[in-house]
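**Q** Mind folding the following:
(2 chains)
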2 protein chains.
Amino acid sequence: MMVHGSRFQLVRVLYQSVQSIMCAGRVISPRAGFATNPFIPTASATTDKPCLLSSALRSSSLLSPQLNGPTFPSSKFSSLKLCTVVAPRYSSRNSVRMSVDATESNAGKQALLLTDAAQLISSVETFIFDCDGVIWNSGELLEGVKETIDMLRSLGKRLYFLTNNSTKSRRQYAERANKFGLGVRDDEIFSSGFAAALYLKTINFPANKKVYMISESGLSEELDQAGISYIGGPEDDDKKADFTPGAYLHHDHDVGAVVVAFDRSVSYYKMQYAALCLRENPGCLFIATNCDEVIIPTGVQGLPGEAAMVGAIKGTTKKQPIVVGKPSTFMMDYLCERFNIKREQICMVGDNLETDILFGKNGGCKTLLVLTGVTDLKTLHSPENSIQPDYYTNQLSDLLVGSKLQTPTHQ
Amino acid sequence: MMVHGSRFQLVRVLYQSVQSIMCAGRVISPRAGFATNPFIPTASATTDKPCLLSSALRSSSLLSPQLNGPTFPSSKFSSLKLCTVVAPRYSSRNSVRMSVDATESNAGKQALLLTDAAQLISSVETFIFDCDGVIWNSGELLEGVKETIDMLRSLGKRLYFLTNNSTKSRRQYAERANKFGLGVRDDEIFSSGFAAALYLKTINFPANKKVYMISESGLSEELDQAGISYIGGPEDDDKKADFTPGAYLHHDHDVGAVVVAFDRSVSYYKMQYAALCLRENPGCLFIATNCDEVIIPTGVQGLPGEAAMVGAIKGTTKKQPIVVGKPSTFMMDYLCERFNIKREQICMVGDNLETDILFGKNGGCKTLLVLTGVTDLKTLHSPENSIQPDYYTNQLSDLLVGSKLQTPTHQ
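**A** Model (predicted):
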C-alpha cells in the first residue's frame, strides 16, 4: 500500500538518496555543483556517467532562481527546488537501477493491462502526455485523441503535454495541437528545448555568456524567450571544417554552455565547434535536451534520435551531458512547483519506456504506456525490460469511458 | 628482470586472461564469437563495453583465415592467431586496468627520459612507428626524421609504420613517405583502414556480403585490395535523410558489417543508414578503425577524432564496436606472424599514450613516447595518467646516436 504525505516523502527521499549513492557512487550538491557559479566544473566535466536532473534529494536543497525574462514563465516558479544526481543511463543494468528509483510502491510489479479506465481517471487529477507516438504520429493526430482530451477536460482534469522533441518551440507545438482542435494553451505544452532554456535560467546562467547550439530552430526560439544569447544551430548548417595545415578555428570564449538537441544537419564542423568550447572554455556546461536512441518521425521507421548527436560529443570530449529532458525529472519538478500539483495525483502517459515511463516512475506518478509509438508488447514483456509502467493499453483513446477495451494487438 | 621464452609467454597469457576477466567480466572465444560464422551476434551486439581485438589469450585459439585476395598479403599470415577480449576503453579507471595488461615487467614504473639511445637501439631489432605526430605533422616531415630512419636502416633494423589514420590507403601513405625520401615499401606501412579490411578477411567475411562505410576514400581502396564489396563512404556525402511522413529508407540487407572510420563528411543520413544495418541485418558487425578522441590534422589545434563518429553510432544503436586500430593488438599479431618478429624485440614509438603506447604495452613491446604530437610532458606526468611508456623523449631524431639529448621542453 502506498504511504502518502510527509512521511512518504521522507521515506522516498531517503530511499532515493541511498539508491543514488549506490547507483553512482557520487551525489552532487546543487550548491556545490552549480548554484553559486555555473561555470565551475561540474559533473559534466569530471564523471563518466551522464548526469540526469532528478527529483531525488530534491527536498534537501533550495535554489532561488532568477526567472525574470520578458516572456518567461515565472509566477509560480520562484522557489523551484533543484538538484543533480549522477545516475547511470544507458545499459540495461543501469536501467534496472534507475527504474528502481522512486518505485518502492511497485518494485517488481508487472505492468497491468488497463481494464478499468474510469478508475484510473478518477484516481488522478492531472495527466501529462508525451506527444509523438501518443497524441500524434508524423504530424497526424491519432484516432480518438481529440475526443479523449475533450472528455478529460470535461471531467476537470488538468492536462499537460511534454515532448522530448526539441525541433520546434512551445509556440509551434501549441499551434500544431490547436490545428487539431485540442485547445491547448501555450502554458500547457512543453518541449525539451524549453527545458534547456529553463535549466539555464534556473542556474542563473550569466547574461554575458552564451550558448552554442547543435540544434534545429526550436531551441533558439526557446532561448530567445528566456533572454539567453546563443550562436550556432541552423546558422552553422553549411559551415565546413578547414583542414588546411595551420588552419585554426577561433571559437567564442564567451560560450558557457553547449546545448545538444536533435539536429538533422549535424556535421563535423558543429562537432568541432562544440568540442572546442567544452575543452577550452573553463566550466563550459554540456547539456543534452534528451538522449533518445530512436525516434519515428516518419511514422514508419526508427531513425537515430538525439543520442547520436550527444554520442558524438561524448565520444570526442569524454564528457557526460546534463540531460534536462525525460527521463530527468527536472520538468516534473517544474510542473509540480509551478502548478501546485501533487505527484501522486499525476498519471504520466507515454509510448517510450526509457523516457516517458521512467520519467513518471522517477517522479513518483502513476504511469500508462500506450502502444502507438516506439514500444511494442514484445519489448514491454521482454525479460530484458526492467521498466514496467503501472498500466498499458493500445492507444490513448482507450481512456474514453465506455469505450470497448481490447487486448493490445500492436506488435 | 623480464623472463623470456615459453615460460614468460605462458605466464603472460595467464596473467592477461585473469586481467581480461577482471576487467570485463567476459571473454569471448574467437570460435564462438566469429570464427565459425561472423554473422551470428557477437560482443558488438550484446555488451556495453567496446571490444578491442587483443593479443591476450592469443595462444589459446587458432583460426585459419583465408587470405587469398588478389593483392592481399598472405604469404606469412596463414596461421594468424586471433581472439577478442572485451576490454574497457574510455574511462581513466579502465585505462588503469588496461595499462596493467601485459605490463607485469614494469607495473608501476614511471617513464624514463631516454638518455641512452644507443642502448635502446641495440636492444631491439624492429621499430614500429606511428606516423602523425611522430614522422610528420600536418603533411610536413618532422626535423631529423629522414636521418633517423636512414641510420636505423643502416644498422639493419626492421622498420614498420602503423597509423590509426584511415583517410588514406597504404599506397597513399607510402607515396607520402617516399616523397620525403624515407624509402618505405608498401608492405612496411599500414593504416587502420587496412586493419579493418584484414580483420574482415581474417574472419572469412562472406563474399556475398558487403560493408557499409562511414569513411573517406582510404578505406574503400583497402577494401578493394582485399576484394571486399562495399557501399557508402564518399558516395553518400551529399545524401540527405527524408523526413516526409511515410518516407521509408530501404537499406541493403546484404550489408554484413558497418565500418566506421574518420569522416569529415559524417552526416545524419550516414548515421541513419549505418544504424539501420546494425539494427535490422542479423549479426551485422560494428567495426571501428579506431576510437581516437582528438587528432591534430592541421598541426595547430586538436579536432574531434574518430571517437565522434563512433560515438554517434554507439549512441543510437547502444552497440559497441570491435576496434581494429591501436590500441587493439590485432595489427601487432599480424606483423609478428607475417614477418616473424619477436615482441620483446620490438620498440613501439608513438605520440599518443592511449593508442600507440598502450598498443605497445598490450603487445609486450618496449615503448618510446615522443612529444611532437598529442601528448605533452604535463599529460605524461599527470597523476591521472596511468599509461607509462618505458621511455620518453623530445622527438624521434633523438634516436640519432651521438645527437645531443636535451630535457624535453614541449609543454
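**Q** what about the stretch 301-411 of chain A, any weak spots by pLDDT?
**A** A:401-411 (pLDDT under 70).
**Q** Show me what from it comes close to chain B.
**A** Applying C-beta under 8 Å from any C-beta of the partner chain, we find that the stretch 301-411 of chain A lies next to chain B at A:301-305, A:307-318. C-beta here means a position set from N, CA and C on the backbone, and glycine is covered the same way.
**Q** In PyMOL, select just the buried ones from those residues.
**A** To isolate the buried members of those in PyMOL, using 16 or more other C-beta atoms under 10 Å in any protein chain shown:
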select buried, chain A and resi 301+302+303+304+305+307+308+309+310+311+312+313+314+315+316+317+318
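**Q** Helix, strand, or coil at A:T372?
**A** The three-state label given to A:T372 by DSSP: H, G, I helix; E, B strand; the rest coil is coil.
**Q** can you tell me which residues contact it?
**A** A:133-134, A:137, A:142, A:351, A:394-396, A:410 (C-beta atoms under 8 Å, 6 or more residues apart in numbering or on different chains).
**Q** Please flag which of the residues of the stretch 301-411 of chain A next to chain B sit within helices.
**A** Judged by DSSP state H, those include A:307-317 as members of helices.
**Q** quick one: contacts for A:G302?
**A** A:294-296, A:374, B:279.
**Q** if I read this right, A:V260 contacts A:A308, doesn't it?
**A** No. With contact defined as C-beta atoms under 8 Å, A:V260 does not reach A:A308; the gap is 10.0 Å.
**Q** need the contact list for the nearest residue in space to A:R279 that is not next to it in sequence.
**A** Leaving out its chain neighbours, the residue that sits closest to A:R279 by C-beta to C-beta, 6 or more residues apart in numbering or on different chains is A:T317, at 6.4 Å. Going by C-beta under 8 Å, 6+ apart, A:T317 touches A:275, A:278-279, A:286, B:293.
**Q** go with 10 Å
**A** Applying C-beta atoms under 10 Å, 6 or more residues apart in numbering or on different chains to A:T317 gives the contacts A:44-45, A:258, A:271, A:274-279, A:284, A:286, B:293-294, B:304, B:307-308, B:311.
**Q** now do A:S267
**A** Contacts of A:S267 by C-beta under 10 Å, 6+ apart are A:214, A:236-241, A:273, B:264-268.
**Q** joint contacts of A:V260 and A:A308?
**A** Shared contacts of A:V260 and A:A308, counting by C-beta under 10 Å, 6+ apart, come down to A:266, A:291.
**Q** Next one: A:E143 from A:N394, what distance?
**A** Per C-beta to C-beta, to the nearest Å, A:E143 is found 10 Å from A:N394.
**Q** For those two, indicate the residue with more neighbours.
**A** Taking neighbours as other C-beta atoms under 10 Å in any protein chain shown, A:E143 and A:N394 compare with A:N394 leading, 18 against 12.
**Q** any idea how far that one is from A:M332?
**A** 26 Å.
**Q** What is the burial count for A:Q395?
**A** 22.
**Q** Spatially nearest residue to it, not counting backbone neighbours?
**A** In space, A:Q395 is closest to A:T372, 4.9 Å off (C-beta to C-beta, 6+ apart).
**Q** still on that earlier bit, ok, the residue nearest to A:R279 to A:E280 distance?
**A** Taken as C-beta to C-beta, the span from A:T317 to A:E280 is 11 Å.
**Q** try A:G315
**A** 18 Å.
**Q** What is the end-to-end distance of stretch A:318-328?
**A** 21 Å (C-alpha to C-alpha, to the nearest Å).
**Q** distance between that stretch and the chain's centre?
**A** 9 Å (C-alpha atoms, centre = their mean, to the nearest Å).
**Q** same deal with stretch A:201-211?
**A** 20 Å.
**Q** Take it, keep the C-alpha atoms, and write them as CSV.
**A** Extracted in CSV, the C-alpha atoms of stretch A:201-211 (Å, rounded to 0.1, in the frame of the first residue of the first chain):
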residue,chain,number,x,y,z
LYS,A,201,17.6,30.4,-16.2
THR,A,202,17.3,28.3,-13.1
ILE,A,203,21.1,28.2,-12.6
ASN,A,204,21.4,31.9,-13.2
PHE,A,205,23.3,31.5,-16.5
PRO,A,206,25.3,34.7,-16.6
ALA,A,207,23.9,37.4,-19.0
ASN,A,208,27.4,37.9,-20.6
LYS,A,209,27.6,34.2,-21.5
LYS,A,210,26.1,32.5,-24.5
VAL,A,211,25.0,29.0,-25.6
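**Q** Touching, A:Q395 and A:T148? I think so.
**A** Yes. The criterion here is C-beta atoms under 10 Å, and A:Q395 meets it with A:T148 at 8.9 Å.
**Q** is it true that A:H251 touches A:Q272?
**A** Yes. With contact defined as C-beta under 10 Å, A:H251 reaches A:Q272; the gap is 8.8 Å.
**Q** Show me the common contact partners of the two, please.
**A** B:Q301.
**Q** Looking at these two, which is more packed in?
**A** Looking at A:H251 and A:Q272 with other C-beta under 10 Å, you find the greater number of neighbours at A:Q272, namely 23 against 19.
**Q** Show me what the strand or helix carrying that one is packed up against.
**A** In this assignment (DSSP states H and E), A:Q272 forms part of helix A:268-280. Counting contacts by 3 or more C-beta pairs under 10 Å, 6 or more residues apart in numbering or on different chains; DSSP states H and E, helix A:268-280 is packed against helix A:43-46, strand A:210-214, strand A:229-232, strand A:255-260, strand A:285-288, helix A:306-317, strand B:303-304, helix B:306-317.
**Q** Give me the distance between the shortest one and the centre of its chain.
**A** Going back to what we said before, that points to strand B:303-304. The answer for strand B:303-304 is 18 Å, by C-alpha atoms, centre = their mean.
**Q** elements contacting that strand?
**A** helix A:268-280, helix A:306-317, strand B:294-295.
**Q** ditto for the third one
**A** Helices and strands touching strand A:229-232, by 3+ C-beta pairs under 10 Å, 6+ apart, are strand A:210-214, helix A:217-226, strand A:255-260, helix A:268-280.
**Q** List the pairing partners of that strand within its sheet, with orientation.
**A** Using DSSP bridges, strand A:229-232 pairs in its sheet with strand A:210-214 (parallel).
**Q** same thing with the fourth one?
**A** If you go by DSSP bridges, strand A:255-260 pairs up with strand A:210-214 (parallel), strand A:285-288 (parallel).
**Q** Now do the first one against helix A:306-317, angle only.
**A** Just to be clear, that refers to strand A:210-214. 120 degrees (axes from the mean of the first three to the mean of the last three C-alpha atoms, to 10 degrees).
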